[in-house]
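# Just the structure for this:
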Amino acid sequence: MATLYYGGGDVSIEGNVSSIGIAYDGHILIYSKLPDSYTIELYKGMIIINPSSERYNLNELFEYIGEFKIKSVSANNIEGDKEPVSIKRVMDYCELLTTNAEDLTVKSEDLKVTYMYGRRFRKTSILSKSLKRGTV
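Numbering: from 1, shown residues only. Next up is the predicted model:
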């Protein structure tokens, strides 16, 4: 089973996945982090990522700015078979750590995270080149 991680402006996937469809709510500006042989398309509340030639196991998908809530994900592995995917919304780095809450050095008040990252947009759009954070 693959796992899709998102939050804080990043979307990535772990597992045997070579193409993916993401149903979402919101409006975002997308900075693709895909290999050159991949395309990313928007269609009626879906982000569709497919290979145009060579297939690879995907890892980093894209960075985003805006309001982004993933509703569902469908994916295929490198052989073209359906691959089950779980969705993990990462609210803070501490969620990825295996430790006690008492060991954290971040105040719980500072962990307020919503589906918003950066600013709001009126519609979703894609930039093919990745930009450094803070440039938009």
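
# Averaging pLDDT per element, find the lowest-scoring helix or strand in the protein.
The weakest-scoring helix or strand in the chain, judged by mean pLDDT, DSSP states H and E, is strand 116-117 (a mean of 63).

# Would you tell me what the next helix or strand after the longest strand along the chain is?
Identified as the longest strand of the chain according to DSSP state E is strand 60-76. Next helix or strand after strand 60-76 toward the C-terminus (DSSP states H and E): strand 82-83.

# Check which helices and strands that following strand sits against.
strand 60-76 (3 or more CB pairs under 8 Å, 6 or more residues apart in numbering; DSSP states H and E). For glycine as for every other residue, the C-beta is placed from the backbone atoms N, C-alpha and C.

# Which secondary structure elements does the strand it packs on sit against?
strand 2-7, strand 10-14, strand 19-32, strand 82-83, strand 85-89, strand 116-117.

# quick revisit: show me which residues of the longest strand of the chain are buried.
61-68, 70, 73, 75-76 (16 or more other CB atoms under 10 Å).
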